[in-house]
Each structure stands twice: as C-alpha cells, then as structure tokens.
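Student: I need the structure of the sequence given here:
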Amino acid sequence: KPVPRPQGVKVLPLHELMYYKNSGRKKTRGAVGGNHAERGTDGENSYAESTSPTALWKSTRTAVAVAAHNDMDATTVDISQAYINASLAPGQKFYCELPRGYRHLYKDENGEPMVAECGNLYGIPPAGRNWFLHVTSTDPKTGLRGWGLEQSQDDPCVLTKVNDKGERIIIVLYVDDFLIFTTKGSTLKAEFLAWLGEAYDYTGGEDISVTGHLDWLGAEITKVDGGFKIASPRYIKDTLARYAAGGHHAHYNVPCTQDLKKHVQTASENKSATVNKTTFRSLLGEMQYLASSDRPDVCYAIGMLSRCQEWPDEACMRDLEQVAIYLYKTADLGITYGRITEDTALSWLFGMSDADWSLSHSTSGWSFSFSNAVVSYGSKKQHSIALSTCEAEIMASSLAACEAVFLRNLFEFLGLSMAAATLLYMDNTGAERVAKHHVLHNVAKHMARRELKIRELVAAGIVEPKHVSSKGNLADLFTKPLERRTFQTLRNSLMNITA
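Tutor: Residues are numbered from 1 along each chain as shown. Alright, predicted model coming up:
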C-alpha cells in the first residue's frame with residue numbers, strides 16, 4: 001500500500017520484469033531489489049533469516065521410484081503467485097518504490113512521491129522462507145500439515161499421508177511446484193486438490209495418463225510400461241544446441257576420455273586461465289544441473305571439470321564441450337523406475353562405492369539403486385590425501401554409508417520397510433575387512449572417526465559390506481574415465497536402459 005517515504009530507511013528498488021514463459025505466454029512480474037536490504041535482525045528493510053529448503057533431487061528420484069514400485073498415479077500443480085499468499089514474519093517491514101506507472105498518482109502532503117509498504121513480494125530476501133513456513137504449517141486452511149500430511153525429518157520438502165483405507169499420497173515440494181503421487185484408484189488426489197483449490201489458485205492437476213508426461217524443474221517424467229522415466233531431452237536440446245547443432249560434430253560415445261584427469265591436473269598446476277571463465281562456468285553450471293537430476297553418466301566428468309573452473313584452459317574447454325556434445329547426442333536417455341517383481345538382494349535398496357587413487361586428492365564415488373535403477377549417486381573429491389588405496393576406499397565407503405542412512409530413513413517414511421541391513425558393495429578386500437573388523441592396524445591407525453564412520457554403521461546393523469568384482473562395481477562410473485564398452489554397460493545398468 002502507498003505510504004509516505006520513511007525517514008532514515010533505505011527504500012528498496014522495484015524491478016519490473018517482462019518475459020516469455022515456456023508456453024509462449026507473456027508475463028510481467030514485479031521483483032523487489034532485496035539485495036539492498038540489510039541482514040541482521042527483523043526490522044525495517046532488514047531481516048534475520050532467509051534460508052528455505054527445496055526438494056533434493058535424490059529425494060525426488062526416491063519418491064518416483066516408490067511410486068513406480070507401487071503403481072501410483074502422478075500429477076503436478078503450480079501455485080499461482082505463491083509468495084504473496086504468505087505474510088511477513090513478525091517484526092519484518094519492507095518499503096519499495098511504486099511501479100513506474102503509479103508514481104505520479106501518489107504524493108504525500110508535501111507533494112513528494114510516496115512509496116509502497118511491501119507484503120511478501122518476490123525479491124524480498126525472506127520471501128521464500130515465509131512462503132515455505134506458511135505452506136507447510138499446521139493451519140488447517142492453508143498448511144499441508146494442517147491437512148494431515150506428515151513432513152519428513154530427512155527432507156522437509158517431502159510429505160506423505162495414509163488414510164484409513166491404507167491409501168497413500170506423496171508430495172514433493174519445490175517452492176511453488178508440487179509433484180503428487182497417489183494410490184491408484186484412491187480419492188486422496190481429488191480430496192487434496194479440492195482443499196488446495198480453496199486455499200490457493202493453482203494450475204495443473206491433470207493425471208500423467210492424460211497429459212502423457214509431467215514437466216518437473218526442466219525434466220520430464222513420463223509414464224512407461226510398469227513405471228516412470230525421468231529424462232531432460234528438451235532442456236538438453238534447448239540449452240546445448242549451440243555446441244552440437246548441424247551434425248558437424250563427431251558422435252561421442254563417452255562423455256570424457258582418459259586424458260581428462262591429466263588436463264585437470266595440468267590446469268590446476270598452471271593456475272592460468274586461457275579461456276573465458278564466465279563462458280566455461282556458464283556451460284559447466286548448465287550441465288551440473290543435469291548431472292544432479294537425471295544424468296548420472298556425466299557426473300564424474302562434470303565433477304572433475306569443476307575442479308579447474310578457476311583456471312580453465314583450452315584442453316579443459318574441449319573436454320567440457322565433449323560432455324555437451326555427448327549429452328546432446330544422447331538427449332533421450334533417462335532413468336527408468338519400475339515395479340519390483342523379484343525379491344532379490346539387487347532388487348531392493350543396495351549401494352556400491354569406489355575410489356580412484358591416481359590423483360593427489362582421490363575421488364570418491366557411490367551409487368544406490370532401487371527397483372533396478374539408481375536413486376542416489378555422487379562423485380566427490382576427497383577432503384584429505386589418502387596414504388593408500390585402502391584408505392581411499394574406506395573414505396569412499398564411509399561417505400556411501402552415511403548416504404545409506406538418509407535413504408533408509410526416507411524409504412521408511414514413504415512406507416517401505418528397511419528391517420535388514422543395506423548391502424554396500426566394494427571392490428577392495430582390505431577396505432571391506434577394515435569396515436567389519438579392527439584389523440590392518442598400520443593402514444587404519446591414523447584415520448579419524450569421520451573416515452571410519454562405516455565401522456560404526458556396520459556394528460549398528462545399518463549397512464553390511466559385501467565384495468564385488470571391479471568389473472561389476474557400478475560406482476566405477478563415478479571415479480574414473482572408462483572405455484566405451486565398460487562405460488555403456490555400467491550406464492545402462494544404473495539407468496535401467498534396456499534397449
């Protein structure tokens with residue numbers, strides 16, 4: 001609302017943004033220049049907290065895997081102008097300039113232009129936090145928990161509810177986007193959408209069986225025989241076309257060559273950027289999102305190239321462009337989840353870990369699969385220098401074991417029992433022995449509790465180390481460049497690609 005300009009308080013600018021949505025529809029949005037607000041305590045144009053969670057991609061993949069296993073219905077909804085539904089927290093007050101077309105209409109008693117006292121508008125630093133707390137509150141009219149949903153303690157953006165008939169609804173929340181799974185044939189979807197419609201204006205709500213696919217954060221969730229597939233063909237082609245358009249590039253069958261590690265090491269040692277860092281980081285960021293969402297096959301290459309983004313050279317840029325071309329040529333690949341039909345150890349949740357000791361800082365890799373497809377994976381530079389391959393493998397397996405704790409809790413929250421220990425496969429016999437027993441004292445005597453966390457989790461019955469051959473270790477894909485045949489075999493196993 002228009003108010004006289006306050007004395008001694010910085011008035012925030014108002015940016016009027018006009019753009020086209022993916023649908024082609026024009027949209028205008030006013031966004032407050034919240035970067036000018038002060039952080040400290042809640043007050044006039046100042047705030048204490050602004051952090052707000054969003055759903056993790058591994059949580060989204062887990063929810064999709066559970067929904068595929070249970071043959072659930074799926075839909076998405078988008079809350080219109082979500083932030084303005086929430087109120088500012090007590091003590092918060094923000095002022096911004098009026099829109100350009102209204103500034104001459106509102107003057108104070110001295111003839112000076114007035115300003116606007118803001119609500120929870122886009123651009124205000126705590127706006128996202130205020131919306132999240134509002135929509136997940138226990139208010140029966142506007143809060144998801146007020147409707148009866150239970151919030152996960154491991155990922156607060158995953159919520160679920162089971163009714164008296166044993167029917168379940170799962171909601172994955174990403175700011176104002178809801179990914180909703182419901183037991184097939186239940187009334188929970190209709191009941192929830194009816195409640196949501198009374199609380200908010202929203203778009204969407206059509207079942208995946210009607211639309212054919214669901215758009216979710218740049219990815220597409222498609223209904224396939226007996227399950228769901230997550231892929232990002234449109235995002236890849238729209239984003240990376242400039243690097244692979246026209247068909248004049250070679251068809252790369254792998255995202256990186258054996259020279260990648262040497263190129264990254266050389267760039268890190270030379271510490272001299274010979275290509276435009278902004279261009280390199282922009283392309284790297286676009287592919288980092290794909291690596292974290294539904295393309296585990298480029299996770300290792302993107303992780304390695306992230307190590308030299310401060311000093312990229314021509315060789316690293318060529319390696320990055322190779323990843324882009326590989327993604328463009330394989331844009332239709334994705335992760336496919338289905339229903340578990342055989343009750344075997346490799347059908348339910350299991351993990352694999354690996355490490356590469358060829359660089360000063362080794363690389364940890366891990367993957368966890370459920371229903372024959374990966375739900376969580378990662379490739380990470382180890383925080384300290386390992387003195388042996390066994391130590392590097394132990395560090396990787398401890399990282400994987402901690403991931404198993406998170407996944408087990410999330411699966412149990414979504415209704416799947418995790419009574420037995422989660423199998424964690426590794427290809428280093430020494431690391432397997434250290435994880436189980438107090439042996440190889442000279443190898444493990446200097447390791448901190450962090451590196452040996454797996455030993456505690458094994459003793460607690462949460463994970464159970466198992467041996468796997470190096471050729472069968474799916475985590476190999478996240479620790480080193482592989483030749484084409486091995487790479488494609490592991491990729492197809494991880495992503496459940498059958499054709």
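
Student: low-confidence ranges in the stretch 1-150 of the chain?
Tutor: Along the stretch 1-150 of the chain, the parts satisfying pLDDT under 70 run over 22.

Student: for it, what spans make up the helices?
Tutor: 57-69, 127-135 (DSSP state H, counting those that start in this stretch).

Student: of those, which is nearest residue 36?
Tutor: helix 127-135 (14.4 Å; CB to CB). All C-beta spots, glycine's among them, are computed from the backbone N, C-alpha and C.

Student: for that closest one, buried residues please.
Tutor: 127-132, 134-135 (16 or more other CB atoms under 10 Å).

Student: how about JSON lines for those, with distance to residue 52 added?
Tutor: Shown next, in JSON lines, are those (distance: CB to CB, whole Å):
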{"residue": "127", "distance to residue 52": "9"}
{"residue": "128", "distance to residue 52": "4"}
{"residue": "129", "distance to residue 52": "4"}
{"residue": "130", "distance to residue 52": "8"}
{"residue": "131", "distance to residue 52": "7"}
{"residue": "132", "distance to residue 52": "5"}
{"residue": "134", "distance to residue 52": "11"}
{"residue": "135", "distance to residue 52": "11"}
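
Student: could I get the helices of the stretch 1-150 of the chain as JSON lines with distance to residue 498?
Tutor: Shown next, in JSON lines, are the helices of the stretch 1-150 of the chain (distance: least, CB to CB, whole Å):
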{"stretch": "helix 57-69", "distance to residue 498": "15"}
{"stretch": "helix 127-135", "distance to residue 498": "39"}
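
Student: those helices: which one's closest to residue 259?
Tutor: Closest among the helices of the stretch 1-150 of the chain, using CB to CB: helix 57-69, at 29.5 Å.

Student: just checking, what packs against the closest one?
Tutor: With contacts taken as 3 or more CB pairs under 8 Å, 6 or more residues apart in numbering; DSSP states H and E, helix 57-69 sits against strand 168-174, strand 177-182, strand 227-231, strand 334-338, strand 363-370, strand 373-381, helix 389-413.

Student: and residue 35, how many neighbours does it have?
Tutor: 9 (other CB atoms under 10 Å).

Student: show me the shaky parts of the stretch 301-450 of the chain.
Tutor: In the stretch 301-450 of the chain, residues with pLDDT under 70: 342-347, 386-387, 437-450.

Student: swap in 90 and give it another go.
Tutor: Low-confidence segments of the stretch 301-450 of the chain (pLDDT under 90): 339-348, 356-362, 371-372, 381-395, 417-420, 428-450.

Student: and stretch 135-146, end to end?
Tutor: 9 Å (CA to CA, to the nearest Å).

Student: quick revisit: tell me the one of the buried residues of helix 127-135 nearest residue 92?
Tutor: residue 130 (8.1 Å).

Student: the stretch 1-150 of the chain: strands as residue ranges?
Tutor: Applying DSSP state E, counting those that start in this stretch to the stretch 1-150 of the chain gives strands spanning 2-3, 14-20, 26-32, 38-39, 46-47, 73-79, 95-96, 115-117, 150-151.

Student: contact partners of the last one?
Tutor: Okay, so that is strand 150-151. Contact with strand 150-151 is made by 136, 144-145, 158-161, 413, as judged by CB atoms under 8 Å, 6 or more residues apart in numbering.

Student: identify the farthest-apart pair in the buried residues of helix 127-135.
Tutor: Pairwise over the buried residues of helix 127-135, using CB to CB, the maximum falls at 127 and 135, 12.5 Å.

Student: shared neighbours of these two, anything?
Tutor: residue 86.

Student: neighbours of residue 374, just the number please.
Tutor: Residue 374: 25 neighbours (other CB under 10 Å).

Student: how close does it get to residue 483?
Tutor: From residue 374 over to residue 483 the distance is 21 Å, taken as CB to CB, to the nearest Å.

Student: one more: residue 109?
Tutor: 79 Å.

Student: pick out whichever of these two has more residues nearby.
Tutor: It is residue 483, of residue 109 and residue 483, that has more neighbours when counted by other CB under 10 Å, with 11 against 6.

Student: next one, pLDDT for that one please.
Tutor: On pLDDT, residue 483 comes in at 94.

Student: so who does it touch?
Tutor: residue 254.

Student: dihedrals phi and psi, it?
Tutor: Main-chain torsions, residue 483, degrees, to the nearest 10: phi -70, psi 160.

Student: so which residue is smack in the middle of this structure?
Tutor: With distances taken as CA atoms, centre = their mean, the chain has residue 57 as the residue nearest its mean C-alpha position (3.0 Å).

Student: quick one, what contacts that residue?
Tutor: Taking CB under 8 Å, 6+ apart, one finds 292-293 in contact with residue 57.

Student: and residue 230, by the same measure?
Tutor: For residue 230, the contact set (CB under 8 Å, 6+ apart) comprises 61, 64, 216, 219-221, 293-294, 334-335, 337.

Student: with residue 112 instead?
Tutor: 4-5.

Student: on that earlier part again, can you lay out the helices and strands packed on helix 57-69 as TSV showing distance to residue 434?
Tutor: Shown next, in TSV, are the helices and strands packed on helix 57-69 (distance: least, CB to CB, whole Å):
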stretch	distance to residue 434
strand 168-174	37
strand 177-182	40
strand 227-231	36
strand 334-338	32
strand 363-370	16
strand 373-381	20
helix 389-413	6
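
Student: any idea which of these is most buried?
Tutor: strand 363-370 (a mean of 26; mean count of other CB atoms under 10 Å).

Student: starting at the chain centroid, how far to that strand?
Tutor: 15 Å (CA atoms, centre = their mean, to the nearest Å).

Student: same deal with stretch 373-385?
Tutor: 14 Å.

Student: pretty sure residue 171 sits against residue 144.
Tutor: Yes - between residue 171 and residue 144 a contact is recorded at 6.9 Å, counting by CB atoms under 8 Å.

Student: joint contacts of these two?
Tutor: Joint contacts of residue 171 and residue 144 (CB under 8 Å, 6+ apart) are residue 159.

Student: next up, the contacts around residue 254.
Tutor: Applying CB under 8 Å, 6+ apart, the residues near residue 254 are 326, 481-484, 487.

Student: how many other residues sit next to residue 475?
Tutor: Neighbours of residue 475 (other CB under 10 Å): 28.

Student: and it, that's in a helix?
Tutor: Yes - counting by DSSP: H, G, I helix; E, B strand; the rest coil, residue 475 is located in a helix.

Student: distance of it from residue 364?
Tutor: For residue 475, the distance to residue 364 - CB to CB - is 9 Å.

Student: quick check: neighbours shared by the two?
Tutor: Common neighbours of residue 475 and residue 364 (CB under 8 Å, 6+ apart) are 353-354, 396, 400.

Student: and of these, the nearest to residue 81?
Tutor: Using CB to CB, the shared contacts of residue 475 and residue 364 come closest to residue 81 at residue 400, 41.9 Å.
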